[in-house]
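Student: Got a predicted structure plus its sequence, pasted below:
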Amino acid sequence: MEWQLILALVIGIPIILFPVAFIWYMNVSGLYRVMRDARQREKRRARALKAAEQLVQR
């Protein structure tokens, strides 16, 4: 290989991969946030149902 091609690959690959990795990170962190929020909503709902059951049983 000629040195120009190697230099182009060394410079081009990070330029291409950085945006791909950044978008992948945003997608994964977004999915994590959605799953975390869903678990919190589920826990709040369970607590509210338990409190409502206790009020009804009194």
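Tutor: Okay, I see it.

Student: how close does the spatially most central residue of the chain get to A21?
Tutor: Nearest residue to the geometric centre of the chain (Cα atoms, centre = their mean): S29, 2.0 Å. Separation of S29 from A21 (Cβ to Cβ, to the nearest Å) stands at 12 Å. C-beta coordinates here come from the backbone N, C-alpha and C atoms, glycine included.

Student: Please enumerate the strands of the protein.
Tutor: Assigned by DSSP state E, the chain shows no strands.

Student: for it, what are the low-confidence residue spans?
Tutor: Across the chain, nothing is flagged by pLDDT under 70.

Student: Where do the helices of it begin and end?
Tutor: 3-57 (DSSP state H).

Student: Tell me how far R41 lies from M35.
Tutor: 11 Å.

Student: For the residue nearest to the centre of the chain, give its distance to L17.
Tutor: 18 Å.

Student: Next: V34.
Tutor: For V34, the distance to L17 - Cβ to Cβ - is 26 Å.

Student: got it, and R39?
Tutor: From R39 to L17 the distance is 32 Å (Cβ to Cβ).

Student: A51 now?
Tutor: A51 is 51 Å from L17, by Cβ to Cβ.

Student: What of W3?
Tutor: 22 Å.

Student: Of the two, give the one with the bigger neighbour count.
Tutor: Per other Cβ atoms under 10 Å, whichever of W3 and L17 has more neighbours is L17, with 11 against 7.

Student: Near Q57, how many other residues are there?
Tutor: Q57 has 6 nearby residues by other Cβ under 10 Å.

Student: what does Y32 give?
Tutor: 10.

Student: With A21 instead?
Tutor: Neighbours around A21, by other Cβ under 10 Å: 11.

Student: repeat for L7
Tutor: 10.

Student: What are the neighbouring residues in contact with it?
Tutor: By Cβ atoms under 8 Å, 6 or more residues apart in numbering, L7 lies in contact with nothing.

Student: and what of the one 3 residues further on?
Tutor: With Cβ under 8 Å, 6+ apart as the criterion, no residue contacts V10.
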